[in-house]
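Engineer: build me a model from this:
(one chain, ligands or ions: 1)
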Amino acid sequence: MDAVTTRDKWNRIHQRRRGVCPPAATVLAENSHLLPPDGGTALDIACGLGGNALFLARRGFIVDAVDIADTATHAVATAAHAENLPVNALTKDISAWEMATARYDVIVVSRFLERSLTGAIISALKSGGLLFYQTFTETRIHVDGPSNPSFLLRDNELLRLFEGLLVRYYREEARAGKLDRGNRDLAFLIAQKP
Ligand SMILES: C[S@@+](CC[C@H](N)C(=O)[O-])C[C@H]1O[C@@H](n2cnc3c(N)ncnc32)[C@H](O)[C@@H]1O
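Structural biologist: Residues are numbered from 1 along each chain as shown. I've put the predicted structure just below:
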C-alpha cells in the first residue's frame, strides 16, 4: 500500500473514532515505573489518537508524536493543547522521516509494525534509553489487529529485531495453556540501549 492510500485509510478509521483518545498501551501503562523518574524526551511512533504520547507528556516528557494520518495528529495536538502538554504532533510517513540520532530517552510503538525501522529506532535512542513495544502476533487467538499477515509478529520476533538492546521485560503467551486466560494476541517488549 502506498503512503497516500495508507494515509486515507487511517484518516477514515480515525474519523470514525471521532478523535477519542485511547488509553496508553498496556506495555507502557503497566510498566511505567521503569520510565526515567525525571522525564526527558520521548517519541511515539504511529501515535494514532495519542494515548501513549499524552500519557508520557503527563509524566514530564517532551514528546514527538508521529503519524501519517492528519486526522490523528490534529486530534493529538488539540488534546495536548487543552492540557497545556508538550506534545509535538507531526504528520509524517514514518518510513520517510529521518529520526535524529541519540535524541530520545523513551520510544514507544504500539499496534504498528514496520520492520525496516528497527535500526533507526535503536539509533534514535540515547544510551540508557528505553523502547516500549507491543503489537499483534501471528499466534493471536482473536481477530483484533491487521488482516495483512505481514504486519503480524512471528514467534519471538521482537526479541530478534531488537537483539542489540538489553531486555528488561518480555511477554508473549502465544497459544500455550488455557486460552481463555492470560494476555493473548500480542507480544510485549521493553528493552534498553546499552
Ligand atoms: C492500529 S493504529 C495504532 C495507533 C496507536 N499507536 C495506538 O496503539 O493506539 C496504527 C497507526 O499507524 C499509523 N500509520 C500507518 N502507517 C504509517 C506510516 N507509514 N507512518 C506513520 N504512521 C503510520 C496509522 O495512521 C495509525 O494511526
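Engineer: rest of the way, CA atoms for contacts and neighbours
Structural biologist: Will do.
Engineer: hey, where'd the strands end up in this structure?
Structural biologist: 40-45, 61-67, 87-91, 104-110, 125-136, 166-171, 186-192 (DSSP state E).
Engineer: so what touches the second one?
Structural biologist: Contacting residues not belonging to strand 61-67 are listed as 39-48, 50, 53, 56-57, 73, 86-94 [CA atoms under 8 Å, 6 or more residues apart in numbering].
Engineer: now swap in the longest one and tell me
Structural biologist: For strand 125-136, contacts defined as CA under 8 Å, 6+ apart pick out 25, 27-28, 35, 101-113, 145-146, 151-153, 185-194.
Engineer: show me how to select, in ChimeraX, the buried members of the residues you listed.
Structural biologist: With 16 or more other CA atoms under 10 Å as the burial test, the buried ones among the contacts of strand 125-136 are selected in ChimeraX as follows:
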select :25,27,28,35,103,104,105,106,107,108,109,110,111,112,113,145,146,151,152,153,185,186,187,188,189,190,191,192,193
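Engineer: and the ligand, which of the contacts of strand 125-136 contact it?
Structural biologist: The residues of the contacts of strand 125-136 that also fall near the ligand, by CA under 6 Å from any ligand atom, are Val109, Ser110, Arg111, Phe112.
Engineer: can you report how many residues lie near Asn183?
Structural biologist: Using other CA atoms under 10 Å, Asn183 is surrounded by 13 other residues.
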